[in-house]
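K.L.:
this one's structure only:
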DNA sequence: CAGTGGTCTAGACCACAAC
DNA sequence: TTGTGGTCTAGACCACTGC
C-alpha cells in the first residue's frame, strides 16, 4: 500500500519547490549532480524524476546548458493548449480582443467544474479572437476571484493569458481537459462572429488545471471552423 | 550526422520483428535479459527501448509476468482511438451497422491523405454507429485495395475494425491524426441520424497509420453531439 | 521457489555549449 | 578546458507472479 518509487517522491519534491516559487519560469535549476547531492539520492534517480517532469512539459533540458523551468512563451509549448490550425497553412497564434470583464457569481455547473462553491465570486471575461484578420472564435473565461485577486486592475490582457497567470499570480497551467461538441450559433455569437444564426460552431469546453491538478480556469469557446480545424494526434 | 542512440536502433529492430510477424498481438516476447543477449547490448538499453515502445502503446509490460504485444482488445487501448463519451455516464463502445461496402477509385483528396495515386482502387464502407440504442454517428471508411485484398469476402465486420485489420492483414494501427470541424447535416446524414437537416454535427476526419507510419485508413465521421462529446486531454 | 519486470545505484564515455 | 545533459553499462535489490 501507498508505495511510491523514490523517483516519484523526488519529482513531487521538485514540483513543490516550483509551486513555492523557488524557481521561476525560464530559470536554470541546479544540475543533476547538485540536486542528487542536495536530496541524497543518486544522479540516475534525479534524472528519472527530471525526465518525468520534462514529459509533463514542466521542464526543458538542453544538452551542455542545463535544465530550465518551462515558460508559456516557449515555442514548444505555445501550441500545447491551442489546437486550432488553418486547413491550409502553418499554425499561427490568434490575437485577442477583450469584449467585457465583469464580476459575478458562479452558476452551479461552473462551480462544479472549478471545484468551488455554487454562488462563489468569479470573474467573467468575453473575448473575440482573430487569426490572420479572420474572426475565428468568441470565448467566455471564468476565473475564481479567490485565486485571482485584483484581476480587473491587471494590465492589458496579453494574447496568451497563461503568461499573465504565471507572471502575476505564479499560477502554472499544467494540464487541461477539453470537451468538444458541435452547436448552432446563437444570435449573439452569430453577430460577434459575422456568421448566420444557427451556423454550426465548434464548442470547446475547457477546464485548465495547475501543477497540483486543481482547476483554475473554465473556458467555453465557440469557433467558426469553415477554414480552420481542431487537430488531435492519437497515439 | 545521422546519429541515432543505440536504444532507438534496438527499438527499430524490435518494431521490425513485430511488422514481420515474428510476434503476434497478445504474445509474450522474450525477457529483457534474453533480448539483451540476442542483440548484444546491456539489459538497460533493451529496457529503454521497451519503455519507448510501451509509451507508444505497442507493448504491455507486467511485473512478474513479462512483456506482451499489445492487441486492439486490450482495455487500456480500446478507447485510444475512440474519444466520444456520454456527457453523463461511463465511456462505452458503440455497436456498428454496415450500410454499404463498395469498390471505387480514390478522389484526389483521398489519394493525398492515403498517399496513393489519384484514381487508385479503394474500398468504401458506410457505417451507422449506436451508443446505448441512440444513433450517434455515420461514417465513411476508405481503404486502399492494395493493402486490403479480398476485403469484400471478409467475415462480418466486427465493432472494432482495427481488430480485423490486425487479425486478417497483420496491420497494426499505431497512430491516427484527426481534424475536427463543426458542419451542418446534409439531407442524407440527417435521414440516417434522425435529426433535422442542417443540424450541427461534429465532423471527424481521421487518417490512421501503421507501425511504419504509413497511412492505412481514411475515415470521415459525422456525429450527433447532443448527448455526447469528444474528450481531449492536453498535457 | 525461480523468473519476471521495476527501481536504484555507480561509473564510464559522448555530444554540446560556453568561456 | 570545464561543466552540462545524453547514453550505455553492470550489478544489486525489490515486488509481483506462478509453480
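P.N.:
Received it, and whenever you're ready, just let me know what you need. In this text the structure is predicted, and so the values were computed from the model without any measurement.

K.L.:
from now on I want contacts and neighbour counts done on CA atoms only, so please keep to that.
P.N.:
OK.

K.L.:
what is the neighbour count of residue A:109?
P.N.:
Other residues within reach of residue A:109, judged by other Cα atoms under 10 Å in any protein chain shown, total 10.

K.L.:
before we move on, what about residue A:38?
P.N.:
Neighbour number of residue A:38 under other Cα under 10 Å is 10.

K.L.:
pretty sure it is in a strand, no?
P.N.:
No - assigned with DSSP: H, G, I helix; E, B strand; the rest coil, residue A:38 falls outside any strand and is helix.

K.L.:
quick one: it and residue A:99, what's the gap?
P.N.:
Remark: distance between residue A:38 and residue A:99 (Cα to Cα, to the nearest Å) = 49 Å.

K.L.:
do the same with residue A:107
P.N.:
Distance, residue A:107 to residue A:99, by Cα to Cα: 21 Å.

K.L.:
neighbours of the closest residue to residue A:170 other than its chain neighbours, just the number please.
P.N.:
Excluding its sequence neighbours, the residue lying closest to residue A:170 (Cα to Cα, 6 or more residues apart in numbering or on different chains) is residue A:21, at 7.4 Å. For residue A:21, the tally of surrounding residues (other Cα under 10 Å) stands at 12.

K.L.:
where does residue A:21 sit: helix, strand or coil?
P.N.:
coil.

K.L.:
that one touches residue A:172, doesn't it?
P.N.:
No - contact criterion Cα atoms under 8 Å: residue A:21 and residue A:172 do not qualify, at 10.7 Å.

K.L.:
who does the most centrally placed residue in chain A form a beta bridge with?
P.N.:
What sits nearest the mean C-alpha location of chain A, by Cα atoms, centre = their mean, is residue A:173, with 4.2 Å. In this entry, residue A:173 is beta-bridged to residue A:210, by DSSP bridges.

K.L.:
show me what contacts it?
P.N.:
Residues in contact with residue A:173 (Cα atoms under 8 Å, 6 or more residues apart in numbering or on different chains) are A:162, A:208-211, A:216.

K.L.:
closest to residue A:4 out of these?
P.N.:
residue A:211 (18.8 Å; Cα to Cα).

K.L.:
please see if the least confident helix or strand in chain A by mean pLDDT touches DNA strand D.
P.N.:
Lowest mean confidence among the helices and strands of chain A (mean pLDDT, DSSP states H and E): helix A:75-78, at a mean of 74. No - judged by Cα under 7 Å from any atom of the strand, helix A:75-78 and DNA strand D are separated, with a smallest distance of 14.5 Å.

K.L.:
could you do stretch A:61-72 as well?
P.N.:
Yes - judged by Cα under 7 Å from any atom of the strand, stretch A:61-72 comes into contact with DNA strand D at A:61-67.

K.L.:
go through that stretch and flag the buried ones.
P.N.:
Using 16 or more other Cα atoms under 10 Å in any protein chain shown as the test for burial, stretch A:61-72 gives A:67-72.

K.L.:
if we go by neighbour counts, what in stretch A:79-98 is buried?
P.N.:
Here stretch A:79-98 shows A:79, A:81-82, A:84-86, A:93-94, A:96, A:98 as buried, counting by 16+ other Cα under 10 Å.

K.L.:
what's the offset of that stretch from the middle of its chain?
P.N.:
14 Å (Cα atoms, centre = their mean, to the nearest Å).

K.L.:
helix, strand or coil for the residue of chain A found nearest DNA strand D?
P.N.:
Relative to DNA strand D, the nearest point of chain A is residue A:64 (2.9 Å; Cα to the nearest atom of the strand). Put simply, residue A:64 is coil when judged by three-state DSSP.

K.L.:
pLDDT score assigned to it?
P.N.:
You'll see residue A:64 listed with a pLDDT of 91.

K.L.:
got the contact list for the closest residue to residue A:47 other than its chain neighbours?
P.N.:
Distances taken as Cα to Cα, 6+ apart place residue A:32 nearest to residue A:47, at 6.5 Å, with adjacent residues excluded. Residues counted as contacts of residue A:32 (Cα under 8 Å, 6+ apart) are A:43, A:46-47.

K.L.:
please list which of the residues you listed are also close to DNA strand C.
P.N.:
Answer for these near DNA strand C (Cα under 7 Å from any atom of the strand): residue A:43.

K.L.:
got CSV for the contacts of residue A:32, with pLDDT too?
P.N.:
Listed next are the contacts of residue A:32 as CSV, based on pLDDT from 0 to 100:
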residue, pLDDT
A:43, 91
A:46, 94
A:47, 92
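
K.L.:
are any of the contacts of residue A:32 buried, and which?
P.N.:
With neighbours counted by 16+ other Cα under 10 Å, the contacts of residue A:32 contain buried members at A:43, A:46-47.

K.L.:
so which of the residues you listed are in helices?
P.N.:
A:43, A:46-47 (DSSP state H).

K.L.:
distance to DNA strand D added to these, as a markdown table?
P.N.:
Below are these laid out as a markdown table (distance: Cα to the nearest atom of the strand, whole Å):
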| residue | distance to DNA strand D |
| --- | --- |
| A:43 | 9 |
| A:46 | 10 |
| A:47 | 7 |
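
K.L.:
which one among these gets closest to residue B:193?
P.N.:
Within these, the smallest distance to residue B:193 is 52.5 Å, found for residue A:47 (Cα to Cα).

K.L.:
how much space between the closest one and residue A:28?
P.N.:
To residue A:28, residue A:47 is 15 Å away according to Cα to Cα.

K.L.:
list the contacts for the closest residue to DNA strand C within chain A?
P.N.:
Nearest residue of chain A to DNA strand C: residue A:6, at 2.8 Å (Cα to the nearest atom of the strand). With contact set as Cα under 8 Å, 6+ apart, residue A:6 has these partners: residue A:45.

K.L.:
do the same with residue A:165
P.N.:
Listed by Cα under 8 Å, 6+ apart, the contact partners of residue A:165 are A:171-172.

K.L.:
now it, what's its secondary structure?
P.N.:
Per three-state DSSP, residue A:165 ends up helix.

K.L.:
any idea of the pLDDT on it?
P.N.:
Looking at residue A:165, its pLDDT stands at 92.

K.L.:
repeat for residue A:4
P.N.:
pLDDT recorded at residue A:4 is 76.

K.L.:
could you do residue A:154 as well?
P.N.:
62.

K.L.:
quick one: the strands in chain A?
P.N.:
A:28-29, A:59-62, A:66-69, A:84-86, A:95-105, A:121-131, A:134-144, A:173-184, A:200-210, A:215-223, A:228-234 (DSSP state E).

K.L.:
show me how far the first one is from its chain's centre.
P.N.:
So the one you mean is strand A:28-29. On the basis of Cα atoms, centre = their mean, strand A:28-29 is displaced by 22 Å from the centre of the chain it belongs to.

K.L.:
which helices and strands sit right next to that strand?
P.N.:
Other elements packing on strand A:28-29 under the criterion 3 or more Cα pairs under 8 Å, 6 or more residues apart in numbering or on different chains; DSSP states H and E are strand A:66-69.

K.L.:
what strands line up against the strand it packs on, and which way round?
P.N.:
Strand A:66-69 has its sheet partners listed here by DSSP bridges as strand A:28-29 (antiparallel), strand A:59-62 (antiparallel).
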